[in-house]
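*Asks:* Predicted model follows, preceded by the sequence.
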Amino acid sequence: EDCKLRGGMLEITAQLHPFKNVSRIGEDVAAGEKVFSQGHTLRPPDLSLLSALGIKNVEVYDRPNVAIIPTGGELLDIGSRPLGPGEAYEINSLMARLYAQKWGASAHKTEIVPDDQRLIRETVAANEQADLIIIIGGTSVGEKDYVPRILSEMGELLVHGVRLQPGKPTAIGVVAGKPVVCLPGYPVAMLFDLYLFVRPALQRIGRRSDLQPKVRAALTRKIPSRPGYLSLVRVALQGEQAEPIMISGAGILSSVARADGFVVVSEAKEGLEAGEMVDVLIFE
């Protein structure tokens, strides 16, 4: 390039600076330089860099194995047949599985388990090989909410009920040395529990350290909250402002579809004022 052959001479027609277009040894990665540290999540360009260094295989942590057990005699598999009176399609396991996979896990769903103590116990026992067990439904204090009792019988019930709005009827326990998170059946409450309990658990098990994305925004109006309870409020972003969508309504799933993220209101506060700057945790 930028040269002409004139007889036996080569004429350069552009300025030629020392080391221009020459890669120096070590300018990309120097000898002895640490390329990635433990806990780093490998991305496509990271794998390309390792390949450029001639490294074909690296040791990585395995994906956590998650078992998801939906419970409820009123639930049907999506599209299995038209709904009858009092019935609903089982959608929570889909959301739990997709989020678990997004957060680096390998997840599988069992068949829907009716409100039967023996069947729930057998399903939990059949999935004790999982790194984390998620049980959906049956966590409240109703006549057929058997799950907390079953956890205490099969292992150890650590928590039943948290000061969280929405998401109060949550239970956490251990069975056969494996953590079990029992989520409420209301989809919005279950979604927030996924973020507050399941995501950190999967990060711990999978040795991940990536943070949930967040942005700063000003509230467009006041957010009331229940003192003594951690409140999670769905908001939609409008430029640098956050518009509260819904505070209560743990079963209104469309409110999440219209939201960009949520704001956490401390249990020590009695709401947030309009114009107050808040962190909006983005739904991934």
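*Replies:* It's in.
*Asks:* Neighbouring strands of the longest strand out of those in the chain in the sheet, and parallel or not?
*Replies:* For the chain, the strand that runs over the most residues, judged by DSSP state E, is strand 230-238. Here strand 230-238 has these sheet partners by DSSP bridges: strand 164-165 (parallel), strand 241-246 (antiparallel), strand 261-265 (antiparallel).
*Asks:* Please work out which of the ones you listed is packed deepest.
*Replies:* A comparison of the strands paired with strand 230-238 by mean neighbour count, using mean count of other Cβ atoms under 10 Å, puts strand 261-265 on top with a mean of 22. C-beta coordinates here come from the backbone N, C-alpha and C atoms, glycine included.
*Asks:* got the contact list for that one?
*Replies:* Applying Cβ atoms under 8 Å, 6 or more residues apart in numbering, the external contacts of strand 261-265 come out as 192, 195, 214-215, 219, 223, 225, 230-235, 237, 242, 244, 271-272, 278-283.
*Asks:* Kindly report the same for stretch 237-255.
*Replies:* Identification of contacts with stretch 237-255 by Cβ under 8 Å, 6+ apart yields 91, 165-167, 184, 186-189, 215-221, 223-225, 231, 233-236, 258-261, 263, 278, 280.
*Asks:* Now, these that are in helices?
*Replies:* Pro187, Val188, Ala189 (DSSP state H).
*Asks:* At which residues are the helices of this structure located?
*Replies:* All helices of the chain, identified by DSSP H, fall at 44-52, 92-102, 117-126, 147-154, 187-193, 199-206, 254-257.
*Asks:* sorry, back to before: among the contacts of stretch 237-255, name the buried ones.
*Replies:* The neighbour count (16 or more other Cβ atoms under 10 Å) marks 165-167, 184, 186-189, 217, 219, 223, 225, 231, 233-236, 259-261, 263, 278, 280 as buried among those.
*Asks:* quick one: the closest residue to Arg199 other than its chain neighbours from Asn21, how far?
*Replies:* Leaving out its chain neighbours, the residue that sits closest to Arg199 by Cβ to Cβ, 6 or more residues apart in numbering is Trp103, at 5.6 Å. Trp103 sits 44 Å away from Asn21, going by Cβ to Cβ, to the nearest Å.
*Asks:* okay, those two: which has more neighbours?
*Replies:* Trp103 (24 against 7; other Cβ atoms under 10 Å).
*Asks:* For that one, which residues are in contact?
*Replies:* Neighbouring residues of Trp103 by Cβ under 8 Å, 6+ apart: Val198, Arg199, Leu202, Gln203, Gly206, Arg208.
*Asks:* With neighbour count added, can I get these in CSV?
*Replies:* As requested, those are exported to CSV (neighbours: other Cβ atoms under 10 Å):
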residue, neighbour count
Val198, 23
Arg199, 20
Leu202, 23
Gln203, 17
Gly206, 19
Arg208, 19
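*Asks:* what's the burial count for Glu111?
*Replies:* Number of residues near Glu111 (other Cβ under 10 Å) recorded here: 10.
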